[in-house]
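Q: Make a model of this:
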Amino acid sequence: MPISRRDLLAAGAASLLPLPALAAATAKRPLRVAHMTDFHIQPELHAVEGSVKAWHHMMSLSRRPELVLVGGDMVMDAWSANRSRTQLQWDLYKKTLHDGTDLPIHHAIGNHDIWGIDRAKSHTSGDEGQWAKKWFMDAFGYSRTYHSFDHADWHFVMLDNVLLTPDGYNGFVDQEQLDWLKEDLSGTHKPTVVVSHIPLLSVTGLAGGYDAKSGEWNVGGNVMTKNVNAVMELFGQHPNVKLALSGHVHEVDRVDWRGVTYLCGGAVCGSWWKGPNNGFPPGYRVLDLHSDGTFQEQYIPWGWVQRD
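A: The predicted model follows:
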């Protein structure tokens, strides 16, 4: 194939670069990933309009992400909503995807995405085909509520750590999933990101968990994963696990512990579409993931102002 004048000029220009500059010019760009969590879609409070604007904000970044990880609570409330209200919320969420982005997306399940657990208010019996977590699975074509995949040089795990209990739910990774996670992590040497809805490890529960009467802190199982030690034991056996992302608390924090960085990703909706939550504005996280397992991360407020 004949060499064009443009090719010759480009080769000549590259040869004039000092070696460090040449290396930088040819270095592989990191994988850019957005972590967007807690949309709480509903027909009220301009939530649909706001969600589309959040998607557009992310898509208009000077460098657009290649992949989106959604951390759960896509809808405002399927827990106590009847079928028609639940269907409406899921339809609205899918509309925001259609109107807002064309990027590949993987979803984790949140507690608000589980249908009908309050049987009295939702008018369910528990025998419905889409009851509980099945609606979430059907919405995205998942055969289970957890899965993993590879993208570029990284491995990603989407966990389900919302364990249903007689009185509600707890953050907990059940034994079946722990066994699967052990096998999954054993099958890859790629740097790995783990996504869950409820934080695996976080300081946010401590911030509001002090009981002045007892003089003790009480971090409930509804704000952090109860068997986090079992999960962290697996992470310790697989040092390629670098990041654990979560939502749920609508606050932003970072915990670096034993080689893993745990990041709470705030909330797209802030305080459920009523402005900042405990001082944290509506936003999302962007991560630049390098092939050697290092990364940069930032929380980006997307400029939502509460509407009447």
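Q: give me every residue that touches M58.
A: A34, M36, R64, P65, V68, T101, Y284, V286, I300, W302 (CB atoms under 8 Å, 6 or more residues apart in numbering). (C-beta placed from N, C-alpha, C; glycine too.)
Q: Please identify the helix or strand for it.
A: In this structure, M58 sits in helix 47-59 according to DSSP states H and E.
Q: Narrow the contacts of M58 to those that are buried.
A: A34, M36, P65, V68, T101, Y284, V286, I300, W302 (16 or more other CB atoms under 10 Å).
Q: quick one: K28 and V68, what's the gap?
A: Between K28 and V68 the computed distance is 21 Å (CB to CB, to the nearest Å).
Q: what does L234 give?
A: In terms of CB to CB, L234 sits 25 Å off from V68.
Q: Also W79?
A: Distance of W79 to V68, computed by CB to CB: 24 Å.
Q: With D138 instead?
A: Distance check for D138 against V68: by CB to CB, it reads 20 Å.
Q: G208 too?
A: For G208 relative to V68 (CB to CB), the value is 29 Å.
Q: tell me which residues form a beta bridge with R254?
A: L263 (DSSP bridges).
Q: That one contacts T261, correct?
A: Yes. R254 lies in contact with T261 (CB atoms under 8 Å); the separation is 6.5 Å.
Q: And those two? Which one has more around it.
A: Of the pair R254 and T261, T261 is the one with more neighbours under other CB atoms under 10 Å, namely 18 against 12.
Q: For the residue nearest to that one when sequence neighbours are not counted, give me its contacts.
A: Closest residue to T261 apart from its sequence neighbours, by CB to CB, 6 or more residues apart in numbering: L243 at 5.4 Å. Going by CB under 8 Å, 6+ apart, L243 touches T192, V193, V194, V260, T261, Y262, L263, L287, F295.
Q: Give me the subset of those residues that lies in helices.
A: Using DSSP state H, the subset of the contacts of L243 located in helices is empty.
Q: can you put the residues you listed in TSV and add distance to W55?
A: What follows is these, written out as TSV (distance: CB to CB, whole Å):
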residue	distance to W55
T192	26
V193	21
V194	24
V260	29
T261	26
Y262	26
L263	20
L287	17
F295	23
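Q: Just among these, which is most surrounded?
A: Most crowded among the contacts of L243, counting by other CB under 10 Å, is V194 at 27 neighbours.
Q: contacting residues around the residue at minimal distance from the centre of the chain?
A: Central residue of the chain (CA atoms, centre = their mean): G71, 2.8 Å from the mean position. G71 is in contact with 35-38, 108, 110, 195-197, 245-248, 265, counting by CB under 8 Å, 6+ apart.
Q: of these, buried ones?
A: Applying a neighbour-count criterion of 16+ other CB under 10 Å, the buried members of the contacts of G71 are 35-38, 108, 110, 195-197, 245-248, 265.
Q: Ranking helices and strands of the protein by mean pLDDT, which lands last?
A: When the helices and strands of the chain are scored by mean pLDDT, DSSP states H and E, helix 5-15 comes last with a mean of 46.
Q: Show the contacting residues for W180.
A: Y146.
Q: Surely it is in a helix?
A: Yes. The assignment for W180 by DSSP: H, G, I helix; E, B strand; the rest coil puts it in a helix.
Q: Now do the same for it: its pLDDT.
A: Looking at W180, its pLDDT is 98.
Q: With only the CA atoms kept, save stretch 103-112 in CSV.
A: The C-alpha trace of stretch 103-112 is given here as CSV (Å, rounded to 0.1, in the frame of the first residue of the first chain):
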residue,chain,number,x,y,z
LEU,A,103,-24.5,4.0,26.0
PRO,A,104,-24.4,0.4,27.2
ILE,A,105,-25.8,0.1,30.8
HIS,A,106,-25.7,-2.5,33.5
HIS,A,107,-28.1,-2.4,36.4
ALA,A,108,-28.0,-3.4,40.1
ILE,A,109,-31.2,-3.9,42.0
GLY,A,110,-32.2,-1.5,44.7
ASN,A,111,-34.7,-2.0,47.5
HIS,A,112,-37.2,0.4,45.8
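Q: Which stretches in this protein count as helices?
A: Ranges of helices in the chain, per DSSP H, are 5-15, 19-26, 47-59, 83-100, 119-122, 134-140, 175-186, 204-207, 228-237.
Q: And the fifth one, what's buried?
A: Spelled out, that is helix 119-122. Neighbour count says helix 119-122 has S122 buried, by 16+ other CB under 10 Å.
Q: Poorly predicted segments of this protein, please.
A: In the predicted model, the chain carries pLDDT under 70 at residues 1-27, 308.
Q: how about 90 then?
A: For the chain, applying pLDDT under 90 flags the ranges 1-28, 167, 205-221, 304-308.
Q: any chance you could map the strands in the stretch 201-308 of the chain?
A: In the stretch 201-308 of the chain, the strands defined using DSSP state E, counting those that start in this stretch lie at 210-211, 216-217, 241-246, 252-257, 260-265, 283-289, 295-301.
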